[in-house]
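# Sharing a sequence plus its predicted fold:
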Amino acid sequence: MQDQYILEMVDISKSFPGVKALDRAGIKVRKGTVHALMGENGAGKSTLMKILGGLQPADSGNIILNGKEVSFASPRESLDHKISMIHQELTSIPHMTVAENIYLGREPITANFWVKEKELNDRTEKLLSELEIKISPKKKMVDLSIAQMQLIEIAKAISYDSEIIIMDEPTSAITEREVEHLYKMIRSLTAKGVAIIYISHKLNEIFDIANDVTVMRDGQYVGTKRIEELTRKDIVTMMVGRELNQLFPKVEADIGETVLEVKNLTRTGKFKNVSFELKKGEILGFAGLMGAGRTEVMETIFGLYPAQEGEVFVKGQKVSIKNPADAKKNGLALITEDRKLTGLFLPHSVKDNIIAASLDKFLVGGIFMNESNINGICEDQKKLLRIKTPTIDQKVKNLSGGNQQKVLLSKWLLTDADIIILDEPTRGIDVGAKSEIHALMGELVKSGKSVIMISSELPEVMGMSDRIIVMHEGKVTGIVNRKEASQDLIMSFATGIQAT
Ligand SMILES: Nc1ncnc2c1ncn2[C@@H]1O[C@H](COP(=O)(O)OP(=O)(O)OP(=O)(O)O)[C@@H](O)[C@H]1O
Ligand SMILES: [Mg+2]
C-alpha cells in the first residue's frame with residue numbers, strides 16, 4: 001500500500017511579477033506516509049502547496065491524484081478532493097469562537113439557516129477531545145495564545161477527514177510538549193492511510209517524523225530520498241547547494257560591565273521576582289517551555305505592560321520605562337516573536353518596514369533624507385541579510401515567511417539600540433539564513449552591543465549563549481554558564497524538576 005502514489009505533482013511552474021517562484025517543480029507522495037518538503041526561505045514550498053490547496057493556479061504542470069489528473073480552481077475544490085491545509089500564516093478570524101472558526105462555512109444549520117450553536121459546540125468538543133486538545137469550543141480566538149491558535153488550525157485541518165493534509169510549518173509557534181502531541185496526531189492519521197506533506201525548517205522534526213524527503217531550491221526540484229538514506233548534512237547540502245560547516249557560529253566577544261539589571265520584577269499572574277543581569281558584549285539566552293513567562297518578562301521590560309513590583313537599571317541608572325518609546329530612548333530594541341501581529345506592516349513595502357523603527361535617523365534637519373540615500377541603506381540591508389525579494393518596493397506580504405522575518409530583523413538592527421532583545425529570532429528561518437543571523441548576532445556583540453535571545457530550540461540556545469537563564473512557570477529556576485550547559489540540565493530547570 002505504501003508504494004502507490006496518492007499524489008503526483010509534475011513540472012509545476014508559477015511566476016509572479018519579477019519572480020519565478022516555481023520552475024518545473026514537483027513532488028510524489030506515497031499513501032500513509034509523512035513526506036517532508038524542504039528548502040531555503042523562498043525556495044517555493046508554500047507556493048507549491050498553495051497550488052495543491054487550490055489557493056493559486058499554476059501557470060503549467062500536472063496534478064495527479066490517485067492516478068487521475070485533477071485541477072483546482074478554489075480551496076473548496078481541493079477540499080472536495082480530500083486535501084486540506086494548515087497554512088504557514090495563521091488564518092483564523094479573531095472575534096469568532098474556536099468552534100465557529102473550525103466549522104466556518106459548514107456549520108450545522110436549521111431549516112431557516114440559523115446556526116445550531118449547541119450542535120456546533122458539541123461537535124467541536126468531540127473533535128478537540130479526540131485530539132486531546134484542551135481548549136473550550138466557546139473561547140474567542142483572540143483570547144488564545146499563538147500556540148493554542150496553531151493547535152486549533154491543526155484540529156481544523158484534521159476535521160475535514162482528508163486523505164492528504166498539508167502542514168506548512170505547523171510547529172512554528174509551539175514547543176516540545178505540543179510537538180510531541182502533534183506527532184501523536186500525525187501517527188494516528190498515517191496509520192489510517194492519510195498522507196501528510198510536512199514543511200519545517202527544523203531538521204530534528206524531519207528525522208523524528210518523516211518517511212520521505214523532497215528538497216527544493218530556487219523553485220526547482222532537487223531530489224527525493226527515503227529518510228533512512230539521509231544524514232542531516234545531506235539535507236543541508238541539498239538545500240543550500242553547498243556544505244555548511246558550522247551550524248552555530250559562536251563569536252568570542254569581550255564581556256564587559258553590566259548594561260541591564262533587572263531586580264525582582266513581578267507582573268501578577270505572569271511572572272514573579274525575576275532578576276538577572278546582562279553584560280556588555282554578552283549573548284544571554286532565555287530557555288523554557290511555552291508559558292514559562294519569557295516573552296512576558298521582555299514585554300514588561302520594554303514598557304508594553306506595567307510591572308507590579310521590581311526595578312530596572314540601564315547602565316547603572318534606575319529607569320522607569322512606561323512605553324516602547326521610553327524603551328527606545330534607553331537604547332532597547334525588542335524583536336517580537338509574533339511578526340504578524342506586532343512586528344510588520346504587511347501591506348507596506350520592504351523599504352517602509354525596514355526604516356519604520358529608525359525614522360528619526362533618516363531625518364536631517366527635520367526633513368527626510370533624500371530617497372536615494374534611504375534606498376542605498378535598504379539595499380545594503382537586503383544584501384546583508386540576503387532578503388529574497390525582486391525589489392525593496394515589494395510589499396512584505398508577498399515575501400516568503402522566512403524573508404518576512406529577515407525584514408523584521410533588519411528593521412531593528414538599523415536602530416541604534418545597545419540592548420537588543422530577540423524573541424525567537426530564527427523561527428521559520430532556513431538553516432543557511434539561520435547561521436547568517438547567528439553570525440550577525442556575533443557581529444552585534446563584537447561591536448559592543450548586548451543581546452538577549454529567547455529561543456525554544458535548545459541547540460540554538462546552547463550554541464549561541466554565553467549564559468542561559470531558564471524559566472519555569474513565571475520564575476527563574478536556573479542560570480547556567482555556557483561551559484556547564486547540557487540539554488538535560490536545561491530541561492530539568494525548564495520543567496521545574498530542579499531549581500537553583
Ligand atoms: N503573491 C506573491 N507575489 C509575489 N511574489 C510571491 C508571491 N508569493 C510568493 N512569492 C515569491 O515566490 C517565492 C517563493 O515563495 P514561497 O512562499 O513559496 O517560499 P517558501 O519556500 O515557502 O519559503 P519560507 O521557507 O520562507 O516559507 C519567493 O521569492 C516569494 O517572494
Ligand atoms: Mg513558506
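Looks like it came in fine. Ligands and ions are numbered 1, 2, ... in the order given.
# where along the stretch 1-150 of the chain do the helices fall?
For the stretch 1-150 of the chain, the helices defined by DSSP state H, counting those that start in this stretch cover 45-52, 75-80, 98-102, 117-130, 146-159.
# Please name whichever of the ones you listed is nearest to ligand 2.
Ranking those by their distance to ligand 2 (criterion: Cβ to the ion) puts helix 45-52 first, at 3.1 Å. Using the backbone N, CA and C atoms, a C-beta is placed for each residue, glycine as well.
# Send me the closest one as CSV with only the CA atoms.
The C-alpha coordinates for helix 45-52 follow below in CSV (Å, rounded to 0.1, in the frame of the first residue of the first chain):
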residue,chain,number,x,y,z
LYS,A,45,7.5,25.3,-0.8
SER,A,46,4.4,27.3,0.2
THR,A,47,3.7,28.3,-3.4
LEU,A,48,3.7,24.6,-4.5
MET,A,49,1.4,23.7,-1.6
LYS,A,50,-0.9,26.7,-2.3
ILE,A,51,-1.4,25.3,-5.8
LEU,A,52,-2.3,22.0,-4.4
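# how close does residue 370 get to ligand 1?
Per Cβ to the nearest ligand atom, to the nearest Å, residue 370 is found 28 Å from ligand 1.
# need the residues of the stretch 151-300 of the chain near ligand 1, please.
Contact residues, the stretch 151-300 of the chain versus ligand 1 (Cβ under 6 Å from any ligand atom): none.
# For ligand 2, what's its nearest residue on the stretch 401-500 of the chain.
Counting by Cβ to the ion, the stretch 401-500 of the chain gets nearest ligand 2 through residue 401, at 4.5 Å.
# shouldn't that residue be in contact with residue 46?
Yes. Assessed by Cβ atoms under 8 Å, residue 401 is found in contact with residue 46 at 7.0 Å.
# shared neighbours of these two, which are they?
Shared contacts of residue 401 and residue 46 (Cβ atoms under 8 Å, 6 or more residues apart in numbering): residue 88.
# The helices of the stretch 1-150 of the chain: lowest mean pLDDT?
When mean pLDDT is averaged over each of the helices of the stretch 1-150 of the chain, helix 146-159 scores lowest at a mean of 88.
# Can you check what angle separates the next helix-or-strand element following it from helix 146-159?
Following helix 146-159 in sequence order, the next helix or strand is strand 164-168 (DSSP states H and E). With axes from the mean of the first three to the mean of the last three Cα atoms, to 10 degrees defining the directions, strand 164-168 sits at 160 degrees from helix 146-159.
# Show me how far strand 164-168 is from its chain's centre.
Averaged C-alpha coordinates place strand 164-168 at 17 Å from its chain's average position (Cα atoms, centre = their mean, to the nearest Å).
# Following element in sequence after that strand, please.
helix 176-191.
# What is that next one packed up against?
helix 146-159, strand 195-199, helix 203-209 (3 or more Cβ pairs under 8 Å, 6 or more residues apart in numbering; DSSP states H and E).
# and the ones you listed, which is most packed in?
Sort those by mean neighbour count, taking mean count of other Cβ atoms under 10 Å, and strand 195-199 sits at the top with a mean of 25.
# what angle do that strand and strand 164-168 make?
Going by the same axes, to 10 degrees, strand 195-199 makes 10 degrees with strand 164-168.
# For strand 195-199, which strands pair with it and how are they oriented?
Each strand paired with strand 195-199, and its direction, by DSSP bridges: strand 34-38 (parallel), strand 164-168 (parallel).
# outside of the last one, which residues touch it?
Pointing back at strand 164-168 there. Contacts for strand 164-168 (Cβ under 8 Å, 6+ apart): 6-7, 29, 45-46, 49, 52-53, 82-88, 154, 157-158, 189, 194-199.
# and these near ligand 2, which?
Residues shared between those and the neighbourhood of ligand 2 are 46, 88 [Cβ under 5 Å from the ion].
# a markdown table for the strands paired with strand 195-199, including mean neighbour count, distance to residue 333 and mean pLDDT?
Listed next are the strands paired with strand 195-199 as a markdown table, based on neighbours: other Cβ atoms under 10 Å; distance: least, Cβ to Cβ, whole Å; pLDDT from 0 to 100:
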| stretch | mean neighbour count | distance to residue 333 | mean pLDDT |
| --- | --- | --- | --- |
| strand 34-38 | 26 | 32 | 97 |
| strand 164-168 | 24 | 29 | 95 |
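# Tell me which of those lies nearest to ligand 2.
Closest among these, once you apply Cβ to the ion, is strand 164-168, at 5.9 Å.
# relative to helix 45-52, how tilted is the closest one?
150 degrees.
# re the thing from before, got JSON lines for the strands paired with strand 195-199, with distance to residue 458 too?
Formatted as JSON lines, the strands paired with strand 195-199 follow (distance: least, Cβ to Cβ, whole Å):
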{"stretch": "strand 34-38", "distance to residue 458": "21"}
{"stretch": "strand 164-168", "distance to residue 458": "22"}
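# what's the closest of those strands to residue 442?
Ranking those by proximity to residue 442 (Cβ to Cβ) places strand 34-38 first, at 25.9 Å.
# Identify the residue nearest the residue of the stretch 401-500 of the chain at minimum distance from ligand 1 in space, chain neighbours excluded?
Nearest to ligand 1, among the residues of the stretch 401-500 of the chain, is residue 402, at 3.1 Å (Cβ to the nearest ligand atom). Spatial nearest neighbour of residue 402, excluding adjacent residues (Cβ to Cβ, 6 or more residues apart in numbering): residue 41 at 2.9 Å.
# again with residue 388
That would be residue 42: by Cβ to Cβ, 6+ apart, it lies 3.8 Å from residue 388.
# And the pLDDT for the one you found?
Confidence for residue 42, expressed as pLDDT, is 88.
# Could you pull up the contacting residues of the residue nearest to residue 227 when sequence neighbours are not counted?
Nearest residue to residue 227 in three dimensions, chain neighbours excluded: residue 210, at 5.2 Å (Cβ to Cβ, 6+ apart). Neighbour list for residue 210: 34-36, 198, 227 [criterion: Cβ under 8 Å, 6+ apart].
# Just the pLDDT for residue 210.
For residue 210, pLDDT reads 97.
# and it, how far is that from residue 414?
38 Å (Cβ to Cβ, to the nearest Å).
# and if you look at residue 93?
Distance from residue 93 to residue 414, by Cβ to Cβ: 34 Å.
# Close to ligand 2: what parts of the stretch 51-200 of the chain are there?
Residues of the stretch 51-200 of the chain lying near ligand 2 (Cβ under 5 Å from the ion): residue 88.
# could you dump the helices and strands packed on helix 176-191 to a markdown table with distance to residue 391?
Below are those laid out as a markdown table (distance: least, Cβ to Cβ, whole Å):
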| stretch | distance to residue 391 |
| --- | --- |
| helix 146-159 | 31 |
| strand 195-199 | 26 |
| helix 203-209 | 32 |
